[in-house]
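Chemist: Return a 3D structure for these sequence lines:
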Amino acid sequence: MLTKFVGVYPVTRFFKSPTREAVYTTLLMSTGLTFGSISALFGLTHQIITQQQYSYLIAAVIGSAIVPTLIANAFFLPHHLLHRHEEGEQSSAPARMLGSRDAG
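Modeler: Predicted coordinates:
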């Protein structure tokens, strides 16, 4: 994850993203779901790893995606990019899920 962070953050700053948005984007892009899942499945199908090891690897891969996403949404969510509704309208589903009080 650290190598992806080092690779993505400078690119976001190069494209002039503000620091908070750059960190948010970097955290969301630093997951390895596809590669990790495929690698683990390859190991399982070629009998390099056991079913139990495969389960642990998939849990680690999913955890390595969830943790940065939670951190990004908790601390670096670019609130100024969220759509604000007029008074009296229902707030959007993502805003309700985030528990945002200022979205509606």
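Chemist: Longest helix in the protein, please.
Modeler: helix 51-75 (DSSP state H).
Chemist: Just the buried residues of it, please?
Modeler: Using 16 or more other Cβ atoms under 10 Å as the test for burial, helix 51-75 gives 54, 57, 58, 61, 64, 65, 68, 72. For glycine as for every other residue, the C-beta is placed from the backbone atoms N, C-alpha and C.
Chemist: Repeat that for stretch 11-19.
Modeler: Going by 16+ other Cβ under 10 Å, stretch 11-19 has these buried residues: 12, 17.
Chemist: And stretch 20-30, by the same measure?
Modeler: Those would be 21, 22, 23, 24, 25, 26, 27, 28, 29, 30, for stretch 20-30 by 16+ other Cβ under 10 Å.
Chemist: just to revisit the earlier point, ok, residues contacting the longest helix of the chain?
Modeler: Outside helix 51-75, the residues within contact range by Cβ atoms under 8 Å, 6 or more residues apart in numbering are 1, 23-24, 27-28, 30-33, 36-37, 39-41, 43-44, 49, 98.
Chemist: Poorly predicted segments of the protein, please.
Modeler: 84-104 (pLDDT under 70).
Chemist: So which of the contacts of helix 51-75 are in strands?
Modeler: Using DSSP state E, no member of those falls in strands.
Chemist: Just the buried subset of the residues you listed, written out for PyMOL, thanks.
Modeler: What follows is the PyMOL syntax selecting those of those that are buried according to 16+ other Cβ under 10 Å:
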select buried, resi 23+24+27+28+30+31+36+40+44+49+98
